[in-house]
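Chemist: next comes the sequence, and after it the predicted model I'd like to discuss.
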Amino acid sequence: MPTSSPTRTRWWRRLVATIGLVLLSWALGAAVVRVGLDLTDRLPYSPRSEWLYLLVAVCALAVSGGGSALAVRRHRRASGHRPPN
């Protein structure tokens, strides 16, 4: 039975960690939505409320997308991938 090399094992561990960090960033984005909507819903409805809903959505996407991008960047740097010049 062939054994896996230490390099391949490290790569898989980094990949699993990266996937975990991406999922964590999306969970944090969902938490931003939940807290933001709870705070926004306490206010009486007005046209300003629509802008607050939009702001909550943009903040959640920034948290989720930014966290995912940082996790992927961390994985690529740790695995020795260098962008082409």
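Modeler: Right, received. Where do you want to start? Numbers count the residues shown, from 1 in each chain.

Chemist: who's in contact with the most centrally placed residue in the chain?
Modeler: Closest to where the C-alpha atoms of the chain average out (CA atoms, centre = their mean) is Ser25, at 2.9 Å. The contact partners of Ser25, taken as CB atoms under 8 Å, 6 or more residues apart in numbering, are Val63, Ser64, Gly66, Gly67, Ser68, Leu70, Ala71. Every residue, glycine included, has its C-beta placed from N, CA and C.

Chemist: and with 7 Å instead?
Modeler: Taking CB atoms under 7 Å, 6 or more residues apart in numbering as the contact definition, Ser25 lies against Val63, Ser64, Gly67, Ser68, Ala71.

Chemist: helices - which of the residues you listed land there?
Modeler: Val63, Ser64, Gly67, Ser68, Ala71 (DSSP state H).

Chemist: what helix or strand does the closest residue to the third one other than its chain neighbours sit in?
Modeler: Spatial nearest neighbour of Gly67, chain neighbours left out: Ser25 (2.5 Å); criterion: CB to CB, 6 or more residues apart in numbering. Taking DSSP states H and E as the criterion, the element that holds Ser25 is helix 6-41.

Chemist: figure out how far that helix is from the centre of its chain.
Modeler: Helix 6-41 has its C-alpha centroid displaced from the chain centroid by 5 Å (CA atoms, centre = their mean, to the nearest Å).

Chemist: repeat for stretch 68-85
Modeler: Per CA atoms, centre = their mean, the centroid offset for stretch 68-85 relative to its chain is 15 Å.

Chemist: mind listing what's buried along that stretch?
Modeler: Buried residues in stretch 68-85, counted by 16 or more other CB atoms under 10 Å: Ser68, Ala71, His75.

Chemist: now those residues in a markdown table, with pLDDT and distance to Tyr45?
Modeler: Converted to a markdown table, those look like this (pLDDT from 0 to 100; distance: CB to CB, whole Å):
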| residue | pLDDT | distance to Tyr45 |
| --- | --- | --- |
| Ser68 | 95 | 33 |
| Ala71 | 93 | 37 |
| His75 | 87 | 43 |
